[in-house]
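In: structure for this input, please:
(chains A, B, C and D)
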There are 4 protein chains.
Amino acid sequence: MNYREKVRKSFKQQKIMGLIGAKLTGVKKGFCEIQLPYKTVLTQQDGFVHAGIIGTIADSAGGCAAYTMMEEGASVLTIEYKLNLLAPAAGDMFIARSRAVKAGKAITVCNSEVVARTGKKEKLCATATVTLIALKK
Amino acid sequence: MNYREKVRKSFKQQKIMGLIGAKLTGVKKGFCEIQLPYKTVLTQQDGFVHAGIIGTIADSAGGCAAYTMMEEGASVLTIEYKLNLLAPAAGDMFIARSRAVKAGKAITVCNSEVVARTGKKEKLCATATVTLIALKK
Amino acid sequence: MNYREKVRKSFKQQKIMGLIGAKLTGVKKGFCEIQLPYKTVLTQQDGFVHAGIIGTIADSAGGCAAYTMMEEGASVLTIEYKLNLLAPAAGDMFIARSRAVKAGKAITVCNSEVVARTGKKEKLCATATVTLIALKK
Amino acid sequence: MNYREKVRKSFKQQKIMGLIGAKLTGVKKGFCEIQLPYKTVLTQQDGFVHAGIIGTIADSAGGCAAYTMMEEGASVLTIEYKLNLLAPAAGDMFIARSRAVKAGKAITVCNSEVVARTGKKEKLCATATVTLIALKK
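Out: Residues are numbered from 1 along each chain as shown, chains lettered A, B, ... in the order given. Model prediction:
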């Protein structure tokens, strides 16, 4: 099984992605992209997508990006993530893109950006750091 | 309107809480508790509740705890949060409890703990720091 | 060698502690305390102790607290830390106290508090989370 | 006074920079670079520069980058920073480069990278996020 299949299979098993409507839209070595269309059920009190949901796609994108770098037979686990919200999560589509900045035997660190797309315009609305560990199954 | 009503009203307006099934179960000055029952639709690839959903209740509990400390007419916005996952999110119920450790005119900082309850036993599964700003409406 | 000796020896080898004038003042299983007297050379532009120095003692206290929990022969390395500054670092003495909230085979997570002491009064000026990994030498 | 002078003046007032030997080596709108030569007095138990000192230059670079974006008469204060250590801080020179990713009226967020230079080779050894607030004097 190549790394793209491995990541797609793992993403499909994340039932939360189905609940919120997130799709895996890009996988490369050390990189992952997830897209989430706006839905009213995802919002907080002011009608923006909830920070926790922005964090959810930032974290999952980091997890998938890290997983592309890991040896076969290893599973990936988030140790911690940290999200900065830079602008209200307003738009038609939210796109999380994550890149591995360090891929070690045990620890991988990914930086994620989340942009809000309205029409053709993208606006950076959050950045995150995700720290992950490879576990031997 | 007193602070409890203000927080409850704001929580009800967070539609994401309805989607995932989270309930506001405690509000005091500088404190908030949110409970979330386990559901399969909330899980990641290994059957545990997704880290992003644990972060969602940790962040919302921080937001509510901060909101109890803010002047009337101010709204509350998360600037950033950081979550450490200490144990797999396995259990019947997930309880986020957050306390304000600093409540300033502009910035409030809350520390959240999330425990997983199985039967009567609680196990700490995550801690978070949430930094919030008060905005004049 | 017991865990207290192991931690004291490691602390002595941190030459930066000598440069800034920090002392190891408490070691228990899963706990560490470091004290740092105010000095003008440690300050930022407004005369308060620099956030980076507050972070230095918060991180080292976390490292020592984690080290007490680790098996013999393992060395301890900070993966990441996150510091919230809650009040200006003004006072005679700065005291970092750190506790392990999770101590795993690989990953240990410590929460640190830094208080500023002026006379007999302590004021919380920072909190930190420190994530560490045990490395087999 | 233009923004470069303002930042240089503020940097000179940070006495800690003199103690550790850090120099301000670059200032642009929304950007700052700080260089720190290796010295034995800056090290932790294994002979690498202490994580807290890497955090100190990452934080200060973020503070200076943010300060370039702020209105005259405002002072800048770190609310929080978060540092990931990606490789041991081994090298002749440590260079922190920080860029503002969001510059708001109240809140500015900067991303810092710290590289270790040995000869002509640079190696990324840490990344940080720094969240700052503008205070009216």
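In: around chain D, pick out the residues from chain A.
Out: A:82, A:84, A:86-87, A:101-102, A:109, A:111, A:124, A:127, A:129, A:131 (C-beta under 8 Å from any C-beta of the partner chain). Heads up, the C-betas are built off the backbone N, CA and C, glycines and all.
In: try it again at 10 Å.
Out: Residues of chain A found near chain D (C-beta under 10 Å from any C-beta of the partner chain) are A:80, A:82-87, A:101-104, A:107, A:109, A:111, A:113, A:124-131.
In: report the buried members of the residues you listed.
Out: A:80, A:82-87, A:101-103, A:107, A:109, A:111, A:113, A:125-131 (16 or more other C-beta atoms under 10 Å in any protein chain shown).
In: so is the longest helix anywhere in chain A next to chain B?
Out: Looking across chain A with DSSP state H, the single longest helix is helix A:51-67. Yes: using C-beta under 10 Å from any C-beta, helix A:51-67 reaches chain B at A:51-60, A:62-63, A:67.
In: filtering the residues of chain A next to chain D by proximity to chain B, which remain?
Out: A:80, A:82-86, A:126-131.
In: out of the residues of chain A next to chain D, list just those in strands.
Out: Those of the residues of chain A next to chain D mapping onto strands are A:80, A:82-85, A:101-103, A:107, A:109, A:111, A:113, A:124-131, per DSSP state E.
In: among these, which ones lie close to chain C?
Out: A:80, A:82, A:107, A:109, A:129, A:131.
In: now the fifth one: how far from residue A:33?
Out: Put plainly, it is residue A:129. 17 Å (C-beta to C-beta, to the nearest Å).
In: how about residue A:121?
Out: Note on residue A:121: its distance to residue A:33, by C-beta to C-beta, is 18 Å.
In: those two - which one has more neighbours?
Out: residue A:33 (19 against 9; other C-beta atoms under 10 Å in any protein chain shown).
In: element containing that one?
Out: For residue A:33, the host element (DSSP states H and E) is strand A:31-37.
In: run the chain-centre distance for that strand.
Out: Strand A:31-37 sits 6 Å away from the centroid of its parent chain (C-alpha atoms, centre = their mean, to the nearest Å).
In: now it: buried residues?
Out: A:31-36.
In: quick one, what contacts the residue most central in space within chain A?
Out: Among the residues of chain A, the one closest to the centroid is residue A:61, at 2.2 Å (C-alpha atoms, centre = their mean). By C-beta atoms under 10 Å, 6 or more residues apart in numbering or on different chains, the residues touching residue A:61 are A:11, A:22, A:24, A:26, A:31-35, A:95-99, A:110, A:112-114, A:128, A:130.
In: ok, it to chain C distance?
Out: 18 Å (C-beta to the nearest C-beta, to the nearest Å).
In: could you measure the nearest residue to residue A:26 once chain neighbours are set aside against chain D, distance?
Out: Leaving aside its sequence neighbours, residue A:26 sits nearest to residue A:33 (C-beta to C-beta, 6 or more residues apart in numbering or on different chains; 3.3 Å). The gap separating residue A:33 from chain D is 19 Å, by C-beta to the nearest C-beta.
In: contacting residues around residue A:33?
Out: By C-beta under 10 Å, 6+ apart, the residues touching residue A:33 are A:23-27, A:57, A:61, A:64-65, A:95-98, A:112.
In: beta-bridge partners for it, please?
Out: Bridge pairing for residue A:33 (DSSP bridges) gives the partners residue A:26, residue A:97.
In: what pLDDT is listed against it?
Out: Confidence at residue A:33, expressed as pLDDT, is 98.
In: and the gap between it and chain C?
Out: 24 Å.
In: also residue A:134?
Out: Distance, residue A:134 to chain C, using C-beta to the nearest C-beta: 10 Å.
In: same deal with residue A:128?
Out: 13 Å.
In: pretty sure residue A:116 sits against residue A:122.
Out: Yes: contact status for residue A:116 versus residue A:122: in contact at 7.2 Å, counting by C-beta atoms under 10 Å.
In: those two - which one has more neighbours?
Out: The residue with more neighbours, out of residue A:116 and residue A:122, is residue A:116; 23 against 14, by other C-beta under 10 Å.
In: mind listing what the more buried one touches?
Out: Applying C-beta under 10 Å, 6+ apart, the residues near residue A:116 are A:38, A:48-49, A:54, A:87-95, A:122-126.
In: just read off the phi/psi values of it.
Out: phi -100, psi 120 (degrees, to the nearest 10).
In: okay then, goodbye and thanks.
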